[in-house]
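*Asks:* Starting from these lines, generate the structure:
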Amino acid sequence: MRRHPRMTRVARALGLALTLFAATPAEATVAVQVDRPQLVEMSDLVVRATVLGATSRWNEDRTQIITLTRLAVTQHLKGAGATELVVRQFGGEVDGLVSHVSGDARLEAGADVVLCLRRGAGVVYLTAMAQSVWYVNPQVSGATPEVHRDLAGLTLARMQGGQVRVIEHPTADPRETLPQLLTSLAALGRRR
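*Replies:* Predicted coordinates:
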C-alpha cells in the first residue's frame, strides 16, 4: 500500500513524539494529535471488540514489563483478520513491580471498545496510544449507546513550522453515538 507523503510526515512526527515520552511533572506523555482520518489511514485494522483479559510479563530481554491483552473481535471496520487479537502495550505489573505509561489506553476485562491498530509479529499495537481507543458507554435502557475516549495522561501537540508545539487547550471530542462512530470509521476504512 502506498502512503501519502503528508501521512508519512505525520506518522514520523507521531513516532518521534511517542519515542520521546516527554513526561511533565503531571506525568503526561506528549503525543502528536492525529485526527480521525489520519488515525484510520495509519492503522492496519480498525475493529470493535470485547476485552477478554490481560497478562503482564517481562519482555524477551527482561528490560521492560509488557502487557498482552486478548480481544474478541466482533466487527472489522478496516482490514480483515482473526476473531481474536492480542494487543501488546508497555507497562503492567510483574513480581510486585509496576510500570505505567501515562497516556496509554487502559483495556479492562469486559470492556466494549473500538480500536485503531497496527499489525506486528503475532500481536497488534495501538496506533496512537489512548487516541486509538473509544470506549462504548454502558447502554441505558432503550437509549443508543454513546462512545468516549479517555485521553488522561496524554498531552497533545501538533507540528508547526517543523517543530512539535503543545496544544494548550485541545478541543474535546463531541458527543457521539456508537452507530455514528462505526459509520464514520467504516467509511474512512474504505478509502485507499
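*Asks:* Spatially central residue for this protein, please.
*Replies:* In the chain, the C-alpha nearest the mean C-alpha coordinate belongs to residue 132, at 2.4 Å (Cα atoms, centre = their mean).
*Asks:* Pretty sure residue 114 is one of the things it touches, is it not?
*Replies:* No. Proximity of residue 132 to residue 114 does not meet the contact threshold set by Cβ atoms under 8 Å, at 9.3 Å. Bear in mind the C-beta positions are built from the backbone N, C-alpha and C, glycine included.
*Asks:* so where do the strands sit in the chain?
*Replies:* Assigned strands in the chain, in chain order: 29-32, 45-58, 65-78, 84-90, 92-94, 97-99, 112-119, 124-126, 133-136, 146-148, 154-160, 163-166, 176-177 (criterion: DSSP state E).
*Asks:* Minimum distance to residue 105: which of those strands has it?
*Replies:* Residue 105 lies closest, by Cβ to Cβ, to one member of these: strand 133-136, at 4.1 Å.
*Asks:* tell me what that closest one is packed against?
*Replies:* strand 112-119, strand 146-148 (3 or more Cβ pairs under 8 Å, 6 or more residues apart in numbering; DSSP states H and E).
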